[in-house]
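A.B. asks: sequence and predicted model, in that order:
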Amino acid sequence: MINEENNPRLATRDDLKRMGIKVSNTTKLRWEAQGRFPRRIRMGGTTVAWFMSEIEDWLAERDAERARTFYADY
């Protein structure tokens with residue numbers, strides 16, 4: 001049986017853009033190095049991808065952070 005554990009879904013750069021993650025590759029690389037964004041997987045050549053589950057977790061963390069932060073306080 002194929003499931004997420006033995007056949008993880010991958011997200012490409014275009015998938016990230018469609019999900020609303022529209023930051024430059026340089027920014028994503030910097031965030032990855034700082035541990036602020038999931039690490040990419042080299043697929044070959046210049047092709048990279050991310051585990052969809054890690055991207056979804058990252059987005060959920062951003063949503064939780066938004067719920068805790070009151071920007072009017074800045």
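C.D. replies: Okay, I see it.
A.B. asks: got the contact list for the residue positioned nearest the centre of the chain?
C.D. replies: If you average the C-alpha coordinates of the chain and look for the closest C-alpha using Cα atoms, centre = their mean, you land on I55, 3.5 Å from that point. Contacts were defined as Cβ atoms under 8 Å, 6 or more residues apart in numbering; by that measure I55 touches A11, L16, M19, I21, P38. Any C-beta I mention is one placed from the backbone N, CA and C, and that applies to glycine too.
A.B. asks: need the contact list for the third one.
C.D. replies: When you say that, I think you mean M19. Neighbour list for M19: A11, I55, L59 [criterion: Cβ under 8 Å, 6+ apart].
A.B. asks: from T26, how far out is it?
C.D. replies: Using Cβ to Cβ, to the nearest Å, we find M19 at a distance of 19 Å from T26.
A.B. asks: quick one: pLDDT of the residue nearest to W31 when sequence neighbours are not counted?
C.D. replies: Distance criterion Cβ to Cβ, 6 or more residues apart in numbering; nearest residue to W31, sequence neighbours excluded, is F37 at 3.6 Å. You'll see F37 listed with a pLDDT of 98.
A.B. asks: looking at the contacts of M19, which are in strands?
C.D. replies: Secondary structure of the contacts of M19 is defined by DSSP state E; positions in strands are A11.
A.B. asks: between the contacts of M19, which is closest to G44?
C.D. replies: Comparing the contacts of M19 against G44 with Cβ to Cβ places A11 closest, at 16.4 Å.
A.B. asks: how far does the biggest helix by length in the chain sit from its chain's centre?
C.D. replies: The helix spanning the most residues in the chain, taking DSSP state H as the definition, is helix 52-68. Between the mean C-alpha location of helix 52-68 and the chain-wide mean there is a distance of 9 Å, by Cα atoms, centre = their mean, to the nearest Å.
A.B. asks: pull the CA atoms of it into PDB?
C.D. replies: Extracted as PDB, the C-alpha positions of helix 52-68 are listed here (Å, rounded to 0.1, in the frame of the first residue of the first chain):
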ATOM      1  CA  MET A  52       5.100  18.500   1.500                       C
ATOM      2  CA  SER A  53       4.500  17.400   5.100                       C
ATOM      3  CA  GLU A  54       7.400  19.700   6.300                       C
ATOM      4  CA  ILE A  55       6.000  22.600   4.300                       C
ATOM      5  CA  GLU A  56       2.500  22.100   5.700                       C
ATOM      6  CA  ASP A  57       4.000  21.900   9.200                       C
ATOM      7  CA  TRP A  58       5.900  25.200   8.600                       C
ATOM      8  CA  LEU A  59       2.800  26.900   7.300                       C
ATOM      9  CA  ALA A  60       0.900  25.700  10.400                       C
ATOM     10  CA  GLU A  61       3.600  27.200  12.600                       C
ATOM     11  CA  ARG A  62       3.300  30.500  10.800                       C
ATOM     12  CA  ASP A  63      -0.500  30.400  11.400                       C
ATOM     13  CA  ALA A  64       0.000  29.700  15.100                       C
ATOM     14  CA  GLU A  65       2.600  32.500  15.300                       C
ATOM     15  CA  ARG A  66       0.100  34.900  13.600                       C
ATOM     16  CA  ALA A  67      -2.600  34.000  16.200                       C
ATOM     17  CA  ARG A  68      -0.200  34.900  19.000                       C
END
